[in-house]
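A.B. asks: what's the 3D shape of this:
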Amino acid sequence: MSNEPVRHARARRRTILGSGLAAFGSASIPVAAESAAAGPEEAADVENVTAAWTDPPNGYPEWNNNIGIFEVGSQPAHATFMPYADLQQALKADRTDSPYRLDLNGDWRFQHADRPADRDTDFWRTDRDDGDWDTMPVPSNWQPAGYDFPIYTNVTYPWWGANGQHENAQPPFAPTRFNPVGQYRRTFELPSAWQGRRVHLHFEGVKSGFYLWVNGTKVGYREGSFTPSEFDITDHVRPGANLIAVEVYRFPDGDWMEDQDFIRLSGIFRPVFLYSLPTVHLRDFKIDTPLRDGYTNADLAVAVAVRNSGAQRSGTYTVETLLYDKDGESVWPAPLATQVDIGSVQPGRDATARGSKAVQGPRLWSAEHPDLYTAVLRLRDPSGAVTQTVSARIGFREFAIRNGLMRINGQPVSLRGTNRHEMHPDRGQALTREDMVHDIALMKRLNINAVRTSHYPNHPDWYDLADEYGMYVMDEANLETHGVRDDYPASNSAWTAPVIDRAAQMVHRDKNHPSVVMWSLGNEAGGGSNFVAMRDWIRAADPTRIIQYEGDNRSSVSDIRSQMYNTAAGIRDRALDTGDTRPYILVEYSHAMGNSNGNFKEYWDVIRQYPVLQGGYIWDFADQSLRWPIPLGGGATYLAYGGDWGDNPNDGNFCANGIVSAERKPTGKAAEVKRVYQAINAAAGDNVAAGDVRITNEYAFANVNEFDGAWALIADGEAIQSGGLTAQQLDIPPLSDKTIRVPIQRPAEPAPGTEHFLELSFTLKTATTWADAGFEVAARQLPVDFDSPPVEPVPLPDVPMLSDSETGDRITVTGTGFAVAISKSTGEIISYEAMGMRLVNSGPVPNFWRAPTDNDRGNGHPTRNGTWRAAGRNRTVTGVVIARPSDRSRRITVTGTLPTTTQSTYTTAYTVYGNGEIRVDNTLHPGSSSLPYIPEVGTILLLPGALEQMHYYGRGPEENHWDRRTGTDVGRYSSTVTDQWTDYIRPQENGNKTDVRWIALVDGTGRGLLAAGEPLLEVNASHVTPEDLSGNVRHDYQLTRRQEVVLRLNHRQTGVGGDNSWGAQPLDQYKLFASRDYSYTYRLKPLPDVGQAMALSRRPTETGGGSGGPVEPGVYYRLVAQHSGKAADIEGGSTAAGALLVQWPVHTGANQQFDFVDAGGGFWRIRARHSGLILQVSGTGTGADITQQPSSGAASQQWEVVDHGGGTVSFVNRQSGLAMDVWSQSTADGARISQWNRTGGANQLFNLQRL
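C.D. replies: Numbering: from 1, shown residues only. The predicted model follows:
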């Protein structure tokens, strides 16, 4: 209440872009304009009478068919602030802690109607008894409390179709058949200390349009869900108890502009409070921090708006601005004083003024160094008395386009961003500050430095946190007309005022936040002159920030180029586009729906190459979902999405696109993002075996020496050497690189087959707001080749003898302490027992299918690639043949056909050794290159459920894929089979691991099965099969998990992709095309103790005794090129290292004779008989010579022998992956033999002539 003469303001409405709104954009002072309600007019003062309210002239209410009426009686927008009692309170800047604030959060009385016609039209009356109403917490959404239902649609408006009872309202009409109305009431006691002050009622966010009554008087109406609605209710309150009544419409006509891709909820979902101001008060202020003198000094520029809300008066008021650093020390000896003559304008209007003051050497704000100051503004009346104190955290920074790039304080910015919806599984849109702290801290830990507030202004606290934690914010206006964007708002003049209002509300509220570096005009709302008008308004109001709009990329609208869901190849084209050289960002990319974010590294390989590509925003941060009770679930819950609430139409789980789950659990996707986004990177130097490493610092301001650096030399998953990087080594300035030498020592005698990696880690020296000291911000694992001796196979004569028996349905091989039975009808192992326990129940079954991911479903994979789905299950076994190459081994070869569109064939060959080991050789021959790419090439085994403990040596610990494995390192990891499950909101392919050397599934005693790849596998251990996940199961709780362990041992799985989830396939380099054959090998072994897994994996039984491979150790062969009939020959019979391999007519010389030495992992060293030297490629490129060299164990000396049948083979080098090749298909004597891409040509095929 005020001591001023009471003059009630008649409620007035804003219908067009009139003088008040136009004044918002005045370049003279970019602060808020007059409310359309400004100007005192007489109004009725009788309780429960609303005669002052004037209905719209078209006969419709404000919420329907009145697109130009978006507010009645509300206050103009202003910066976020709170009046404080004194300076100390202002320095704390806790807006919830003020004697001039009264929170109205808590339980309100609530009732609900499904449509406006059924609402209680007298609910607002003071004599209405609401004792039997329900209660509704504020802030909250009403749907989770059981009123009407959530709706999830992306483009389709939520009132179209069955959801809206088929009314299908069209703009500018709001729906009436289904348009729920929530009616809220609560009372409050007006603080007696507020006598003589103006009382404002502030709603941070209401979804969607609402009316307000105070003590029975209809005060106002507001649309625009995600920016504040504020009303001066001074003339409607009284000492003691007061009643507030609020009527919320779920779908007012303003909701045509809120067609965002989110779960549609409603209610008072952000805080509500009262606060009081002096009659003459600082209504708004804008603070700018222009930098100068090469970004070393600055000015603090302050624009203020002071308003007299009482009777006409004159006098000069002074706004003092005091500036304090982070330690609370005053920056200036005297404040900046800005004088305002309030008599220069009529009461109810703003008197404005500007001032500025120099700041010497301020600490600049950036996402890396979010240094903040506190500006305290005190209003003094003409007598000098302080009447109002407010404050704002500010940062000195410049974010602008300079020399063709977006720059922060002069340095090019790299936006490693994400989109973020405000949605919580338990609280819907009513996020708490704690929720927001959790989100931003998690973002920082994932190396995210930028966020787009998709697609609406976020909770005010989010911007405070972004300022404090360091986050570049693209602030997006609450404007999306996706379902009608071709027509609205376009250039329709009736929509100009409301769309500008949505921009103005955002800009005025958030203009003082250093974290806000860009304004976005909205999302997916089409183009047209209305966007030019929005851009022009913002530019006049705030010339300091960049303006962006992806929907209309014209330079008259958007300062930068932005795109959604372009590919890595596509953004390279944009970088090279000389017709438009504006900075380019991906405003949405790497669609993270389900098991996604494949080829994320490929995006950043391109972005790092071209400076004009300045990053992007992943879609998006967290899955959207609501926790919902399981039907008949006894109180258990699940994470629900579109369709789970009876909403129809709906867009299913298209709302679940997060790199973290709805519960904010990081996934393998998050690990990939963190690693790719990291700003400190390391690469092998010229001699990594000597410790040479190149470190690149991509930070714009931070030196690497602000972090601790450590290194470790890893041998087979265990650190054998470690240390810290020195201060000198870490002294790497921003945007530079340095080569350092890490003091690793070559291991003296590495065990055979030992793998070495050099791991570097960069961690926080001290705790931050978002992580503890020691938290790892960047890491890199680099392979180091120390020429470890090759694996030493167990000699075949050293293993025990075995026996076999054959019945009508099986072949059984028995040895000391083990037995294995193979079905003659299915070709599977039907029993594998050793150590007194069962190791395999059944399998391996050839498998060429993975459970469809969301991306797969979106691109048509289940249908297009469906020929592979049951190919393994429905195979036809054409032969099961046993061979007895020695008394210590048996080979059972299974052949069969696959019922693909064009019939394909496969083989599985089991070599069983007397020590219980089984070598499994698998081949796939697709029937035609026209068959679709193959989802997975592998096998499925079913193991006893007791083998629940999982240990492996490969990439982890997070799930990873062929095209998403940058964020996971090779190591030894332990877990359980159950915990391999990644709980995507819709069950799908999950839990994959790549580059696996071995996996052990053991029981509680540590005994079980060891599977070792030759050389590498992809593996998956679960309690479901791909087929179990390939139907229409929508949620985890609907799955019936198997007791058995489902173990998939795979050659490879097609990448998961992620460019988008509605058509994009994985990149070609991550597909398994049907144009080639596939072969891979693994070994199964009894494992008596999990501690022996590494050692046993390195002791394969010798492939000897005619065990079925194309070559045998201890045998000499002549290699005759198929196209020429000439033999591979060491040139001139030379015994010198470096002598070339050529072709020459066949003769009996030893320089044409070679034997094969088992190098392990399915590779062989090829040794010339006359010299004892090994065939080695001279490089990794095509055309590299093949020479003879002393044996070193290097990968360049190891060859895969690919069996083409009939004694014909090809040789593929392990290091390069290229094939041995007679140059240019020459038939000439002496033609050199080099390496080339695998073509399958006759010049790459060699006939083995056993000597």
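A.B. asks: Quickly note the distance from Ser266 to Phe210.
C.D. replies: 10 Å (Cβ to Cβ, to the nearest Å). For glycine as for every other residue, the C-beta is placed from the backbone atoms N, C-alpha and C.
A.B. asks: Could you name every residue contacting both of these two?
C.D. replies: By the contact definition Cβ atoms under 8 Å, 6 or more residues apart in numbering, Ser266 and Phe210 are jointly contacted by Val248.
A.B. asks: What's the first helix or strand after the helix or strand harbouring Met474?
C.D. replies: In this structure, Met474 is located in strand 472-476 according to DSSP states H and E. Later in the chain than strand 472-476, the nearest helix or strand by DSSP H and E is helix 496-510.
A.B. asks: Near Val880, how many other residues are there?
C.D. replies: 21 (other Cβ atoms under 10 Å).
A.B. asks: Tell me the secondary structure at it.
C.D. replies: Per DSSP: H, G, I helix; E, B strand; the rest coil, the local secondary structure of Val880 is strand.
A.B. asks: do the same with Ala533
C.D. replies: Put simply, Ala533 is helix when judged by three-state DSSP.
A.B. asks: Can you list the strands that the strand holding Met474 pairs with?
C.D. replies: strand 450-452 (parallel), strand 516-520 (parallel) (DSSP bridges).
A.B. asks: Quick one: distance of it to the chain centre.
C.D. replies: 17 Å (Cα atoms, centre = their mean, to the nearest Å).
A.B. asks: for stretch 395-413, same thing?
C.D. replies: 26 Å.
A.B. asks: next helix or strand past the top strand by length along the chain?
C.D. replies: If you go by DSSP state E, the chain has its longest strand at strand 1008-1022. Scanning forward in sequence from strand 1008-1022 by DSSP H and E, the next helix or strand is strand 1045-1053.
A.B. asks: Who are the packing partners of that next one?
C.D. replies: strand 842-847, strand 936-943, strand 993-1002, strand 1008-1022, strand 1078-1087 (3 or more Cβ pairs under 8 Å, 6 or more residues apart in numbering; DSSP states H and E).
A.B. asks: quick check: angle from that strand to strand 1008-1022?
C.D. replies: Put simply, strand 1045-1053 runs at 70 degrees to strand 1008-1022, going by axes from the mean of the first three to the mean of the last three Cα atoms, to 10 degrees.
A.B. asks: what lines up beside strand 1045-1053 in the sheet?
C.D. replies: Assessed with DSSP bridges, strand 1045-1053 is paired to strand 936-943 (antiparallel), strand 1008-1022 (antiparallel).
A.B. asks: the inter-axis angle of it versus strand 842-847?
C.D. replies: Relative orientation of strand 1045-1053 versus strand 842-847 (the same axes, to 10 degrees): 30 degrees.
A.B. asks: Show me what the mean pLDDT comes to for strand 1045-1053.
C.D. replies: Averaging pLDDT along strand 1045-1053 yields 97.
A.B. asks: by how many degrees do it and strand 1078-1087 diverge?
C.D. replies: Using the same axes, to 10 degrees: strand 1045-1053 against strand 1078-1087 is 150 degrees.
A.B. asks: hey, C-alpha coordinates of strand 1045-1053 in PDB?
C.D. replies: The C-alpha coordinates for strand 1045-1053 follow below in PDB (Å, rounded to 0.1, in the frame of the first residue of the first chain):
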ATOM      1  CA  VAL A1045      24.200 -64.800 -20.200                       C
ATOM      2  CA  VAL A1046      23.900 -63.800 -23.900                       C
ATOM      3  CA  LEU A1047      27.400 -63.300 -25.200                       C
ATOM      4  CA  ARG A1048      28.000 -61.800 -28.600                       C
ATOM      5  CA  LEU A1049      31.500 -62.300 -30.000                       C
ATOM      6  CA  ASN A1050      31.600 -60.200 -33.100                       C
ATOM      7  CA  HIS A1051      33.900 -59.200 -35.900                       C
ATOM      8  CA  ARG A1052      32.200 -55.800 -35.900                       C
ATOM      9  CA  GLN A1053      28.900 -54.000 -35.700                       C
END
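A.B. asks: now that strand: how far from the chain's centre is it?
C.D. replies: 26 Å.
A.B. asks: Equivalent analysis for stretch 718-738, please.
C.D. replies: Worked out by Cα atoms, centre = their mean, stretch 718-738 lies 29 Å from the chain centre.
A.B. asks: mind giving me the domain ranges of this protein?
C.D. replies: Following automatic domain parsing, one gets these domains for the chain: 19-79+94-272, 280-394, 399-623+658-667, 626-655, 678-784, 796-1097, 1116-1250.
A.B. asks: okay, those domains in a markdown table with distance to Pro1110 next?
C.D. replies: Formatted as a markdown table, the domains of the chain follow (distance: least, Cβ to Cβ, whole Å):
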| stretch | distance to Pro1110 |
| --- | --- |
| domain 19-79+94-272 | 55 |
| domain 280-394 | 58 |
| domain 399-623+658-667 | 35 |
| domain 626-655 | 49 |
| domain 678-784 | 23 |
| domain 796-1097 | 11 |
| domain 1116-1250 | 4 |
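A.B. asks: can you tell which of these is closest to Leu87?
C.D. replies: Set against Leu87 and scored by Cβ to Cβ, the domains of the chain come closest in domain 280-394, at 6.3 Å.
A.B. asks: Tell me the span between the first and last residue of that closest one.
C.D. replies: Terminal residues of domain 280-394 lie 25 Å apart, using Cα to Cα, to the nearest Å.
A.B. asks: Can you give the distance from it to the centre of its chain?
C.D. replies: 40 Å.
A.B. asks: Quick one: mean pLDDT for it?
C.D. replies: Mean predicted confidence for domain 280-394 is 97.
A.B. asks: and if you look at stretch 1197-1204?
C.D. replies: Per-residue scores along stretch 1197-1204 average to 90.
A.B. asks: export that stretch as PDB, just CAs?
C.D. replies: Coordinates of each C-alpha in stretch 1197-1204 appear next as PDB, following Å, rounded to 0.1, in the frame of the first residue of the first chain:
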ATOM      1  CA  GLN A1197      56.100 -57.700 -40.400                       C
ATOM      2  CA  GLN A1198      52.800 -59.400 -39.700                       C
ATOM      3  CA  TRP A1199      50.400 -60.700 -42.300                       C
ATOM      4  CA  GLU A1200      46.900 -62.000 -42.300                       C
ATOM      5  CA  VAL A1201      46.600 -65.000 -44.600                       C
ATOM      6  CA  VAL A1202      43.200 -64.800 -46.200                       C
ATOM      7  CA  ASP A1203      42.000 -68.200 -47.500                       C
ATOM      8  CA  HIS A1204      40.200 -68.100 -50.800                       C
END
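A.B. asks: Look at Pro789 and say how many residues are nearby.
C.D. replies: Using other Cβ under 10 Å, Pro789 is surrounded by 15 other residues.
A.B. asks: what's the helix or strand for it?
C.D. replies: Short version, using DSSP H and E: Pro789 is in no helix or strand.
A.B. asks: so what's it up against?
C.D. replies: Here Pro789 is in contact with Pro750, Ala751, Pro752, Gly753, Gly1193 (Cβ under 8 Å, 6+ apart).
A.B. asks: Dihedrals phi and psi, the second one?
C.D. replies: Listed backbone geometry of Ala751 is phi -70, psi 160, with angles given as degrees, to the nearest 10.
A.B. asks: how close does Arg397 sit to Gly182?
C.D. replies: Arg397 is 42 Å from Gly182, by Cβ to Cβ.
A.B. asks: what's the closest of the helices and strands packed on strand 1045-1053 to Ile560?
C.D. replies: Ile560 lies closest, by Cβ to Cβ, to one member of these: strand 993-1002, at 36.9 Å.
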